[in-house]
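Visitor: Quick one: sequence and predicted model below, then my questions.
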Amino acid sequence: MVGTFALVDTELALGERVALHAFSVGAALEIRRSPELTLQLAAGSPVGGTLEVAGNRHDLGPGVLLAVGASYRLVDGAGAAPFVVVSGTLGGSTFSTNGPAGERARMSAGDVRAGVVVGKTLLDLVSPYVVARGFFGPVSWRARVAGQPKDLDGGDAHHYQVGAGLVTAFRGVDLAIEGMPLGEKRVVAALGVSL
């Protein structure tokens, strides 16, 4: 079982440029099917954040984030070699937004994501890594732009993330932090417990 906290800072291309700043919490269940293959089910919710479009700020309200994914270790990192893990995720989200005049709307998004992680485990305790991911998916939102209701459809302005992370493991407890400064900017902290 894994608990996560994420900060996201990105730009959406929905006909209008929309700046998204979001905070979310979540939980995931990871099932190891073999030493190489891990399956994941995840759920979460935004707990705060804003959307900014055409000089107007909209607050993020309640919603749901759901995802299923898998990762496969191609190289186990024995000896001097690094470990190499590939992953894929299918996700979706929907949440309410509250505009500057109190108007409520709903934003919904889908997401297909693939990535590769390359790192090295040191002293059987800590694993620094670098990561790159690509993704795509639709985003739709009915917002008020220049005082008028408008359906905004499109996707993320960035379709990639590049960054690094660090995982520590001790007696069945994992602590991880990951920062993505390029593309879709994201910081994730996770605490996992083996059951």
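Guide: Looks like it came in fine.
Visitor: distance between stretch 150-160 and the chain's centre?
Guide: Here the centre of stretch 150-160 is set off from its chain's centre by 16 Å, with C-alpha atoms, centre = their mean, to the nearest Å.
Visitor: Can you list the buried residues in it?
Guide: Lys150, Leu152, Gly154, Gly155, Asp156, Ala157, His158, Tyr160 (16 or more other C-beta atoms under 10 Å). No exception for glycine: its C-beta is placed from N, CA and C like everyone else's.
Visitor: Need the CA coordinates for the helix or strand in which the fourth one is found. PDB is fine.
Guide: If you go by DSSP states H and E, Gly155 is part of strand 148-156. Written as PDB, here are the backbone C-alpha positions of strand 148-156 (Å, rounded to 0.1, in the frame of the first residue of the first chain):
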ATOM      1  CA  GLN A 148     -19.000  34.300 -21.500                       C
ATOM      2  CA  PRO A 149     -19.400  30.500 -20.900                       C
ATOM      3  CA  LYS A 150     -17.100  28.600 -23.200                       C
ATOM      4  CA  ASP A 151     -16.400  24.900 -23.800                       C
ATOM      5  CA  LEU A 152     -12.600  24.400 -23.800                       C
ATOM      6  CA  ASP A 153     -11.200  21.200 -25.200                       C
ATOM      7  CA  GLY A 154      -7.600  20.100 -25.900                       C
ATOM      8  CA  GLY A 155      -4.800  18.600 -23.800                       C
ATOM      9  CA  ASP A 156      -1.700  19.400 -21.900                       C
END
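Visitor: next helix or strand past that strand?
Guide: Helices and strands here follow DSSP H and E; after strand 148-156, the next one along the chain is strand 160-170.
Visitor: So in that sheet, which strands flank that next one, and in what orientation?
Guide: strand 126-136 (antiparallel), strand 173-183 (antiparallel) (DSSP bridges).
Visitor: how about TSV for those, with mean neighbour count added?
Guide: Formatted as TSV, the strands paired with strand 160-170 follow (neighbours: other C-beta atoms under 10 Å):
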stretch	mean neighbour count
strand 126-136	17
strand 173-183	16
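Visitor: want to throw the ones you listed into TSV with mean pLDDT and distance to Val118?
Guide: Shown next, in TSV, are the strands paired with strand 160-170 (pLDDT from 0 to 100; distance: least, C-beta to C-beta, whole Å):
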stretch	mean pLDDT	distance to Val118
strand 126-136	96	6
strand 173-183	94	14
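Visitor: Now tabulate those strands in a markdown table and tack on distance to Ala81.
Guide: Output for the strands paired with strand 160-170, formatted as a markdown table (distance: least, C-beta to C-beta, whole Å):
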| stretch | distance to Ala81 |
| --- | --- |
| strand 126-136 | 14 |
| strand 173-183 | 22 |
